[in-house]
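S.K.: coords please:
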Amino acid sequence: MMTDKVSPSADSDANITMSLRTESNCSVCGTALCPRLVLINLATGRTEIMYCLHCLGKRENVQADQLLAKIRAYIFSRQCFLKEWIKYKDISFCADPKNCLPHNRSEE
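M.R.: Model prediction:
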């Protein structure tokens, strides 16, 4: 049985590119999700119900930036996710550029 905890799924890398092309919104607040936020959801095993970083953090009882650091490390460790992450290097892909944590953080 799948839990709703933030834990990467071994099956989550299937059809990543196709999923990133589908427009999505946060299931809680309705915020439009950019491709990186969709990727974050896919990396945590979410394929149907997706959340913005802030709502996902609330569900996990962590700050959005802490959650981003944790999942970003996982994304950078998996080639299938990393190759998609680096495609969106500038803010023009973001649905909410003013509040976008994935683009406001350095790419190290």
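S.K.: In contact with the residue nearest the centre of the chain, which residues?
M.R.: Among the residues of the chain, Ile40 comes closest to the average C-alpha position under CA atoms, centre = their mean, at 1.8 Å. Ile40 makes contact with Leu53, Leu56, Leu68, Ile71, Ile75, Pro102 under the criterion CB atoms under 8 Å, 6 or more residues apart in numbering. The C-beta positions use only the backbone N, C-alpha and C, and glycine is treated the same way.
S.K.: Out of those residues, which end up buried?
M.R.: Leu53, Leu56, Leu68, Ile71, Ile75, Pro102 (16 or more other CB atoms under 10 Å).
S.K.: follow-up on the earlier one: return the closest of the contacts of Ile40 with respect to Arg46.
M.R.: Leu56 (8.4 Å; CB to CB).
S.K.: now the helix or strand harbouring that closest one, how far from the chain's geometric center?
M.R.: When secondary structure is defined by DSSP states H and E, Leu56 falls within helix 53-60. The offset between the C-alpha centroid of helix 53-60 and the centroid of the whole chain comes to 11 Å, using CA atoms, centre = their mean, to the nearest Å.
S.K.: now the angle from the helix or strand following that helix to helix 53-60?
M.R.: Beyond helix 53-60 in the direction of the C-terminus, DSSP H and E gives the next helix or strand as helix 64-77. With axes from the mean of the first three to the mean of the last three CA atoms, to 10 degrees as the basis, helix 64-77 and helix 53-60 are set at 100 degrees to each other.
S.K.: Who are the packing partners of helix 64-77?
M.R.: For helix 64-77, the elements it packs on are helix 35-43, helix 53-60, helix 79-85, helix 101-104, judged by 3 or more CB pairs under 8 Å, 6 or more residues apart in numbering; DSSP states H and E.
S.K.: rewinding a little: would you check which pair of the contacts of Ile40 lies furthest apart?
M.R.: Every pair in the contacts of Ile40 was compared (CB to CB); the two farthest apart turn out to be Leu56 and Ile75, at 13.9 Å.
S.K.: isn't Gln66 right up against Leu56?
M.R.: No. Under the criterion of CB atoms under 8 Å, Gln66 makes no contact with Leu56, lying 11.2 Å away.
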